[in-house]
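Trainee: have a look at this prediction, sequence included:
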Number of protein chains: 2
Amino acid sequence: MGHDLLIYNALLLTLEPESRPWYQGYVAIQGSKIAAVGQASGIQNLPNATEYWNAGGSLVMPGLVNTHCHAAMTLFRGLADDLPLEQWLHQHIFPGESRWVDYDFVYTGALLAAAEMIRGGVTTVADAYFWEAGARQAFAEAGLRAVTAQGVIDFPAPGVPDGSDNLAVAREFIESGRRSPDGLITSTLFCHAPYTCSAGTLQGAKALTRSHNLPFFIHLAETRQEADQIRHQTGLSPTAYLDSLGLLDEKTVAVHAVWVDETDRQLLARRGVKISHCPESNLKLAAGVAPVAELIQEGAIVGLGTDGAASNNNLDLWGEMSLAAKIHKVVRQDPTVLPARQVVEMATRQGAQVLGLEDVTGSLAPGKDADLIVLELRQPHLTPMYDPFSHLVYTARAVDVQQVMVQGRWLMRHRELLTLDWQILREKVRGWAGKIMPGAAGFFQGMADQA
Amino acid sequence: MGHDLLIYNALLLTLEPESRPWYQGYVAIQGSKIAAVGQASGIQNLPNATEYWNAGGSLVMPGLVNTHCHAAMTLFRGLADDLPLEQWLHQHIFPGESRWVDYDFVYTGALLAAAEMIRGGVTTVADAYFWEAGARQAFAEAGLRAVTAQGVIDFPAPGVPDGSDNLAVAREFIESGRRSPDGLITSTLFCHAPYTCSAGTLQGAKALTRSHNLPFFIHLAETRQEADQIRHQTGLSPTAYLDSLGLLDEKTVAVHAVWVDETDRQLLARRGVKISHCPESNLKLAAGVAPVAELIQEGAIVGLGTDGAASNNNLDLWGEMSLAAKIHKVVRQDPTVLPARQVVEMATRQGAQVLGLEDVTGSLAPGKDADLIVLELRQPHLTPMYDPFSHLVYTARAVDVQQVMVQGRWLMRHRELLTLDWQILREKVRGWAGKIMPGAAGFFQGMADQA
């Protein structure tokens, strides 16, 4: 019996452990799943299928996994940059959030984020924000795989005017949509940080996710100020403090993990805590450089994240790969740390592990869902090619992704979005931008519509 | 009398000092030069012209200036990565150069580099390599503005089998093509480094460029090893050593300037030495982080460079802008250093100053040559827009450049290269790649031609 779809004549990177690039590689897809991968020296040696798609020598690999995002913040992209962290947060981001963020803001911003991420080869995103049901709806419409996490914080937040309701809102979010029927969407929780949530809130939120066997997200040790404050209040590092509350286990995802010393790193690794590394955000906000090479040495699983577009300002995992591969070299004064292949694994298979999705996505293997991307190689900046992994990290860019498939469904072909209507979305975003900054609607594209 | 061409309805960034973005901006072009720039509230208010081009709200700005490149090394792109510097240089780059580099290698590699740079909005490049006449020919064919510098080093090099001939070869290079008739190409010299050229070679080369009033390029204080070695040999820092030889003046371009202390920085600024900052290369090779914010504070003029594709591995100045804006924030623990606009200026007007071309290019002003680029803004990752400079640095990418003009001539329109034939060039590169790494020709695109 034949497969539904056979993608063949590809430079195939399965990203399975120890796998090597296959020329003339193929991926056989049955329904939503990968049925087989392999290599064929000619058409006559290919498995049977209903539909054949000649990749024409393009590179086929697993879709990228963005382990940390605040998708809705695309609507604040570039609103305030190059400012001290406190001024950025308290004069721009928090006031903007309290004034503007509602269900439609989050839904619209997450659709925009989905459009950008699909165009950049992301097939799985872990998102964290308020009104997260809006993001859940947006990702479902876009066809992305998503772990959506409702934000929990101990002061009034969008959709949670009374901070003491935060766990009730969180429970409602989980129970209203814990798993989507197709399994693409998971609903869980994100505690903002150790310094913005009480011990009770942290433990309550973790208990909720634990009872449903869900991942639990938290910003951990992002800035030196946070580390100093927690140590002042508790006598412990942020990591040790969370451990004292029983929050550290293999379902906890620690985002940032910049200010973690050797003891902290050993603790994180021993507890099986997963790490989301967001280097562009950490640099742009001057938070610091996470000791990722050291965390990996201790045995921690590390994925890459873009963070939100207000602190990055894009959702491009290729930029994160490029920066992750370089920044740790210079900090360690060692050009051999985080070699290209390891970084590609962080953006794919290890990213899936961070989210607990390693049985479903992150590599191309029979039985996993068909989440894959196709890159066009015949371009000047990718020529010549001696090592595909080197190119993916050091020269490829988001726009080189031509096709994107999630669960066997094409979300983009020949760079055309198939699940989202960009023209309609753009008008919706223009409306929001004009509210957020009067004049911005004309600023960013009003000119295009005259003359 | 009307102008030859009027580009109108643009979001116009002239990059003149203190200039503000203009909506409904226009650029009037007469022959090879900018005749006028301005803003018009309607078509009836536009200057007369023979040809009108509606930018449709796209962003128009000066072309980018790449202040340091080894263009031919595109043919070594990704050949060896993630290695210790000495191993990379002595086991891969130097042997590869001595085995393969000839006039055709340099010509072909520079054509490939030109294709990549034009597609990324570079209109001016300062290049430095051996057989540099090959690069000069390639840039002339591509229509790029280029400062081509013949490499000078005290051991046998491609095209200079006897190191003691290096200054004679250098003189011949300058005199065979000091200025091209259209003024687009300048021919000058590049001394590899203080540790690979004797005092006599350094002074001889500088005397040659000085006698022709040409810029003089040198890698300076790139690695800690270099700084240690020069100090061991001379008792001086690399910067002080070059000063003791009389090499530092306003026509000298110091590339890298990573290991420069406060005294060195003050000396560089006082002498008017120009700085080429290549952050991606410095990080990837773990050389260090140049103290650029401090150099600028001292008054130095700093431009951005990509370095060669063997140590980067791309020629994308957008990536350099993004990294330059972020890396100094984290190193200084201050998110306000190198704000977006300053970084865009480094990639345009200040880059032109570094090369001594500030009267000709680097901003859009009447009397300067018409070197400009056009970016398409209506894309998810550039939406919304509250601040164009923020977008250029933090979210725009090379591929957003749709049109490129040098000296009034379009080199790319709608992303189609007009001066280079990519199909023919690709075959030529494939031939070289197959020689450099047998199997690589099939590796990078052979698959595409079957089935």
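Mentor: Cool, the structure landed. Numbering: from 1, shown residues only, chains lettered A, B, ... in the order given.
Trainee: could I get the contacting residues of the residue lying closest to residue A:226 once chain neighbours are set aside?
Mentor: Computed as CB to CB, 6 or more residues apart in numbering or on different chains, the closest residue to residue A:226 that is not its neighbour in sequence is residue A:195, at 5.4 Å. Glycine gets a C-beta too; all of them are placed from N, C-alpha and C. Shown in contact with residue A:195 (CB atoms under 8 Å, 6 or more residues apart in numbering or on different chains): A:226, A:229-230, A:238.
Trainee: go on, residue A:73?
Mentor: Each residue near residue A:73 by CB under 8 Å, 6+ apart is listed here: A:109, A:129, A:308-311.
Trainee: can you pull out the low-pLDDT segments for the stretch 101-250 of chain A?
Mentor: Within the stretch 101-250 of chain A, the set of residues satisfying pLDDT under 70 comprises A:178.
Trainee: the strands in the stretch 151-300 of chain A, which residues?
Mentor: A:185-191, A:216-220, A:252-256, A:274-277 (DSSP state E, counting those that start in this stretch).
Trainee: dump those strands to a markdown table, plus mean neighbour count and distance to residue A:54.
Mentor: A markdown table is the format used below for these (neighbours: other CB atoms under 10 Å in any protein chain shown; distance: least, CB to CB, whole Å):
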| stretch | mean neighbour count | distance to residue A:54 |
| --- | --- | --- |
| strand A:185-191 | 26 | 33 |
| strand A:216-220 | 28 | 41 |
| strand A:252-256 | 28 | 39 |
| strand A:274-277 | 28 | 37 |
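Trainee: for chain B, which of these is the nearest?
Mentor: Closest to chain B of these, according to CB to the nearest CB: strand A:252-256, at 12.8 Å.
Trainee: same for that closest one, what does it pack against?
Mentor: When contacts are defined as 3 or more CB pairs under 8 Å, 6 or more residues apart in numbering or on different chains; DSSP states H and E, strand A:252-256 sits against strand A:64-69, strand A:216-220, strand A:274-277.
Trainee: make JSON lines from the contacts of residue A:73 and add neighbour count to it.
Mentor: Output for these, formatted as JSON lines (neighbours: other CB atoms under 10 Å in any protein chain shown):
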{"residue": "A:109", "neighbour count": "31"}
{"residue": "A:129", "neighbour count": "27"}
{"residue": "A:308", "neighbour count": "26"}
{"residue": "A:309", "neighbour count": "30"}
{"residue": "A:310", "neighbour count": "24"}
{"residue": "A:311", "neighbour count": "26"}
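Trainee: among the residues you listed, name the ones in strands.
Mentor: Under the assignment DSSP state E, the contacts of residue A:73 contribute residue A:129 to strands.
Trainee: and which of the contacts of residue A:73 is nearest residue A:375?
Mentor: Of all the contacts of residue A:73, the one sitting nearest residue A:375 is residue A:309; the distance, using CB to CB, is 23.2 Å.
Trainee: contact partners for the closest one?
Mentor: Applying CB under 8 Å, 6+ apart, the residues contacting residue A:309 are A:70, A:73-74, A:76-77, A:113, A:315, B:395.
Trainee: same check, this time on residue A:230
Mentor: Counting by CB under 8 Å, 6+ apart, the residues that residue A:230 touches are A:194-195, A:236-238, A:241.
Trainee: before we move on, back to that, inside helices: which ones of the contacts of residue A:73?
Mentor: With helices taken from DSSP state H, the overlap with those comprises residue A:109.
Trainee: can you name the residues bridging to the most centrally placed residue in chain A?
Mentor: Averaging the C-alpha coordinates of chain A gives a centre point, and the residue nearest to it by CA atoms, centre = their mean is residue A:66 (1.6 Å). For residue A:66, the beta-bridge assignment (DSSP bridges) gives partners residue A:125.
Trainee: give me the helices and strands touching the host helix or strand of residue A:138, please.
Mentor: Under the criterion of DSSP states H and E, residue A:138 resides in helix A:132-142. Helices and strands touching helix A:132-142, by 3+ CB pairs under 8 Å, 6+ apart, are helix A:103-119, strand A:122-129, strand A:145-152, strand A:185-191.
Trainee: the second one to strand A:64-69, inter-axis angle?
Mentor: Right, strand A:122-129. Orientation of strand A:122-129 against strand A:64-69 (axes from the mean of the first three to the mean of the last three CA atoms, to 10 degrees) gives an angle of 10 degrees.
Trainee: returning to what we had before: any idea which of the contacts of residue A:195 has the most stuff around it?
Mentor: Neighbour counts for those, by other CB atoms under 10 Å in any protein chain shown, peak at residue A:238, which reaches 29 neighbours.
Trainee: that one reaches residue A:219, doesn't it?
Mentor: No - with contact defined as CB atoms under 8 Å, residue A:238 does not reach residue A:219; the gap is 9.4 Å.
Trainee: helices of the stretch 201-350 of chain A, start to end?
Mentor: When secondary structure is read from DSSP state H, counting those that start in this stretch, the stretch 201-350 of chain A shows helices at A:224-234, A:238-244, A:262-271, A:279-284, A:292-298, A:317-332, A:340-346, A:349-354.
Trainee: so the first one versus strand A:252-256, what angle?
Mentor: Inter-element angle recorded for helix A:224-234 and strand A:252-256: 130 degrees (by the same axes, to 10 degrees).
Trainee: buried residues in helix A:224-234, which are they?
Mentor: Under the neighbour-count criterion of 16 or more other CB atoms under 10 Å in any protein chain shown, helix A:224-234 has A:226-227, A:230 buried.
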